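In: Need the 3D shape of this:
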Amino acid sequence: MIRTTFNRANSGFTLLELLVVLVIVGILVSLITLSVGLLGQESTLRREAERLEALVQIASEETMLHGFEMGLRFYRRAYEFSIFRDETEEWTPLVDDQLFRRRDIPEALELDLELEGREVILEVEAGEDKNYRPQVFIMSSGDVTPFNLRFREAFSNNGYRVLIQADGSAEIKHDEL
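Out: Predicted structure coming up:
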């Protein structure tokens, strides 16, 4: 009588079992990485929208307090504040101002601007324009040109809208199309 004893405790894991475990771990890691990336993009969109809202509020307060006019000009991936110089009667971008300096948004995001219910085609970059003029005006009376600016992911309709009313009040809405 031939008797074979098979002791599973000494044999360990097979190569196939190890490969299956590695594949499952790899799939889980990739899913977690993708979900963290999507959530990170969502928080970046929200943060950029909140930053613009706060800057417009501060600019409105500054213009009322000091009695000058400010402007806001948008590009596809940036925006900048400007000030109206009474002595030259020209708009000048605020390049050296720490608070109201030009803001570039992350490369994966884009801006869409609506003024008076019409979409404005935004320039890619600032050019050497002798007739520089902002698209949005922040007046010393506290009035602001009403506008609707959407921060969105490039090649997507998902994003956040910053809605600024004529009285300077603001609202942020999440767009999910």
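In: Could you point out the helix or strand that follows whichever helix or strand Ser43 is part of?
Out: Element membership for Ser43 (DSSP states H and E) is helix 15-66. Per DSSP H and E, helix 15-66 leads on to strand 70-75 as the next helix or strand towards the C-terminus.
In: Please spell out the segments of the chain that come in under the pLDDT threshold.
Out: For the chain, the stretches flagged by pLDDT under 70 are 1-11, 33-41, 126-129, 177.
In: hmm, 50 instead?
Out: Scanning the chain for pLDDT under 50 picks out 38-39.
In: what's the angle from the helix holding Ser43 to strand 70-75?
Out: Counting by axes from the mean of the first three to the mean of the last three CA atoms, to 10 degrees, helix 15-66 points 150 degrees away from the direction of strand 70-75.
In: Report all helices and strands that helix 15-66 contacts.
Out: strand 70-75, strand 78-85, strand 103-104, strand 109-115, strand 136-138, strand 147-153, strand 159-164, strand 170-175 (3 or more CB pairs under 8 Å, 6 or more residues apart in numbering; DSSP states H and E). Glycine gets a C-beta too; all of them are placed from N, C-alpha and C.
In: Quick check: which of these is nearest to Leu28?
Out: When these are compared by CB to CB, strand 147-153 sits nearest Leu28, at 25.1 Å.
In: what about the closest one, distance to the chain center?
Out: Offset of strand 147-153 from its chain centre (CA atoms, centre = their mean, to the nearest Å): 8 Å.
In: Ok, stretch 19-31 next?
Out: 33 Å.
In: Test my guess that Glu107 contacts Arg76.
Out: No: Glu107 lies out of contact with Arg76 (CB atoms under 8 Å); the separation is 10.9 Å.
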